[in-house]
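1. sequence plus the predicted model coming up.
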Amino acid sequence: MGNGDMRVRGFAARAGGWSARHRWAAVGIWVLFVVLAMGLGSAAGRVDVKDSDQLKGETHTAARIIEDAGIEEPAGETVLIQAKGGEPKATDGEFRKAVDAVVRAVEGTGRVTEVTSPYETKTISKDGRSALVQFDVRGEADTAGERIEPVLKAVEGVQQDHESLRIEEIGGASMMKTFGDAYGEDFKRAEYSAVPVAFGILLIAFGALVAALLPVVLAITAIMATMGLMGVVSHVMPMSETANSVMLLVGMAVGVDYCLFYLRREREEREAGRDAQTALRIAAATSGRAIVVSGVTVCVAMAGMLFTGLAEFEAMGLASLMVVAVAMVGSVTVLPALLSLLGGRVEKGRIPFLRRRTRGGSEGGSQDSRFWTAVLRRVLAKPVIAAVVAAGALLAITAPALGMKTQQLTLDQEFGDSLPIVQTYNRLNDAFPGGSEPAEVIVKARDINAPEVKSALADFRDRAISSGASRGPVEIKLHDARNVAFVYVPLVGGSDLDKAGASLDKLRDEVRPATLGKVDGVQAPITGQVAGSKDFNAQLAGAVVPVFAFVVVFAFALMLLSFRSLTIAVTSIVLNLLSVGAAYGILVAVFQHGWGASLVGAEGVGAIITWLPLFLFVILFGLSMDYHVFVVSRIREARLRGLATKDAIRHGVVTTAGVVTSAAVIMVAVFGIFGTLSMQSMKQMGVGLAAAVLIDATIIRGVLLPAVMALLGERNWYLPRWLHRLPDLTHDEAPRAVAGPAARDGEGEPVKV
């Protein structure tokens, strides 16, 4: 084929053409944009989500009362003093000496305040073997972990002097320090290793240093620009560290993928004998268009998180949306300029031991293509069997998801027994059920010392125990000057969130209305770990239907407009839902039931963390469109060139096999890194994302999609007449000029694609 004249239209084609003609201007504008975004972000600073804005409901009301009152809650710490055997008891002299020694030791550090003895607060277990010394850490709670080490060392010193007792410290500050030390570097390694892992895979895929560097550089610059933009945007919608990590994860995945799609197509056209300019124009009009359609679809999916009403989700959704948009724009603007500048030098730095792909494109020219050619031969020969087997396998994998249980993971579920502080947490909960995570009743009154308020507080304390919601002790802490009281209620059920949740309901629905609820002008929202989890679940449950509906409807509309086919739009949604369902099934099987958990270094913890299903749905529904749009665009392009539908399917899948495989391996590797972290929630996220992408790139795109399209035949391109007035977003595809007549249907009319 020669370098026939190419007519290019549409945003992607025009952007690519302009960038190729104004190479230095395009590169300069991109660099200026990245530097400007980073500079503005640095100057503006980042505003993070406040605790009071994290949730709605009672948790939000409680946080707002504390914030409005100007009360800075210090980090509370507890020292568990416990007999290793049956003796000594808390009433024995040796035990008392240990308690006194702990009190003196922690006070002697000068880092704590409000130290209380168990003999004053009655924090002695029913069996008399355990007691609690409690205190607050001076200074801000958020940074208490940085100041707690001298106190921990002081407690360790007392432990060495009393070997018959267990003397262990636990609390907000000590947990902050322990987990920061244990897992802070873990997260950094995971984030930093994503870049070299992606680069290594690209190096194998392209076999050339320069070609492998381009996608990584574009992804990194997109992430850098987005980090700056997050700082600016955070003054309107606050961001968070979690949003930052998710942005990096998504940015690296889509940034590399988009560049990979574009670069592979440009190289393929050049290997087919086209000159550099024509190859770039074809890549801009085809892969560039696929990137734009995919990017917009992913952005729409990410925007679904904005409908949750949860500040953390909204931050994650907006950060992800921004990085996808920046990566998409960079891929269709600065990448063509760089390719035009580099020309043949994109092949520089070839790796001698990596065999170069054969001339003529990927069809039949690489091992992965030969593999998929063999698979497709069987799939297209018997599409009914292939579709039934593939769909059946996916439904079987999805089946465990029907029994999915979601909850906030407790400390022992999240970290297992790998850290001593987790064992302390378990021992504390066994001795004092609910003591490590009590419910907190934030009481706001016009006059907190009014007789009726004091009487109601006393009644609440008594009824909390008599109702069976708590075994006590219930502690009341007054802030007279601000007319606020904090009531700490250990919940029956302890670390068993189902039982503790039932105790919380009893407090909210029975105890509070009968006591504090009878006093006019009193607010008494109940917050705490269990309440926060319950409120989060309730709010998330209410957001599921709107988010699912928004993502599915808008994704359907975009596919309909982009491919002008009702069939393609419907099958796209169904296949994506199957992919997400399979990911859910794997999550439940591995992390809830523990089937094969050891293979990924995980444990069956009996539940999936609450936020993950909705998060996975949004992320996966967006990212799976990458492959779908890319493959279907290539099939449609081949159909426009006159190939029969089955031949177009074969051509589209085989010619994209290499790039889809490379992109999937990169995504699986990047997501899999997060599956190696020690926190079970991060393992769940990493494994869920990696499994879904792997399934999507193999069973869905390699087997089920071609089988279904082969069965549908010409019905793939069906668009009812009443939909013909819809906007046509397909015009920026530029199929190659081909010899011979256009494809015609059975009645001799040109086929509408």
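-> The structure has been received and is ready for your questions.

2. is residue 134 in a helix, a strand, or coil?
-> strand (DSSP: H, G, I helix; E, B strand; the rest coil).

3. list the contacts for it?
-> Residues near residue 134 by C-beta atoms under 8 Å, 6 or more residues apart in numbering: 76, 77, 78, 79, 114, 115, 116, 121, 123. Every C-beta, even on glycine, is put in place using the N, C-alpha and C of the backbone.

4. let's see that with 7 Å instead.
-> 76, 78, 116, 121, 123 (C-beta atoms under 7 Å, 6 or more residues apart in numbering).

5. give me phi/psi at the third one?
-> Listed backbone geometry of residue 116 is phi -120, psi 140, with angles given as degrees, to the nearest 10.

6. tell me the bridge partners for it.
-> With DSSP bridges as the criterion, residue 116 is bridged to residue 134.

7. report the rounded mean pLDDT for the strand or helix carrying residue 265.
-> Element membership for residue 265 (DSSP states H and E) is helix 241-271. In this model, helix 241-271 carries a mean pLDDT of 83.

8. again with stretch 712-720
-> For stretch 712-720, mean pLDDT is 89.

9. just the pLDDT for residue 96.
-> pLDDT, residue 96: 91.

10. which of the three states applies to it?
-> helix.

11. next one: it from residue 78, what distance?
-> As judged by C-beta to C-beta, to the nearest Å, residue 96 and residue 78 stand 18 Å apart.

12. now do residue 43
-> Applying C-beta to C-beta, the value for residue 43 to residue 78 is 43 Å.

13. related to what we said a few turns ago, what angle sits between the helix or strand following the helix holding residue 265 and helix 241-271?
-> The C-terminal neighbour of helix 241-271 among helices and strands, as given by DSSP H and E, is helix 276-285. In terms of direction (axes from the mean of the first three to the mean of the last three C-alpha atoms, to 10 degrees), helix 276-285 departs from helix 241-271 by 140 degrees.

14. okay, buried residues for the helix or strand containing residue 226 please.
-> According to DSSP H and E, residue 226 maps onto helix 209-233. Residues of helix 209-233 classed as buried by neighbour count (16 or more other C-beta atoms under 10 Å): 209, 211-231, 233.

15. counting contacts, what elements does it pack onto?
-> When contacts are defined as 3 or more C-beta pairs under 7 Å, 6 or more residues apart in numbering; DSSP states H and E, helix 209-233 sits against helix 23-44, helix 172-206, helix 241-271, helix 311-342.

16. so what touches the shortest one?
-> By that I understand helix 23-44. 19, 221, 224-225, 227-232, 235, 330, 333-334, 337-338, 340-341.

17. which residue is the nearest non-sequential neighbour of residue 727?
-> The shortest distance from residue 727 to any non-neighbouring residue, by C-beta to C-beta, 6 or more residues apart in numbering, is to residue 561 (5.8 Å).

18. apologies, that question was intended for residue 548.
-> Spatially, and ignoring its direct neighbours in sequence, residue 548 is nearest to residue 617 (6.9 Å; C-beta to C-beta, 6+ apart).

19. how many other residues sit next to that neighbour?
-> Using other C-beta atoms under 10 Å, residue 617 has 25 neighbouring residues.

20. so how far is residue 313 from it?
-> Plainly put, residue 617 is 12 Å away from residue 313 if you go by C-beta to C-beta.

21. likewise residue 622?
-> Taken as C-beta to C-beta, the span from residue 622 to residue 313 is 14 Å.
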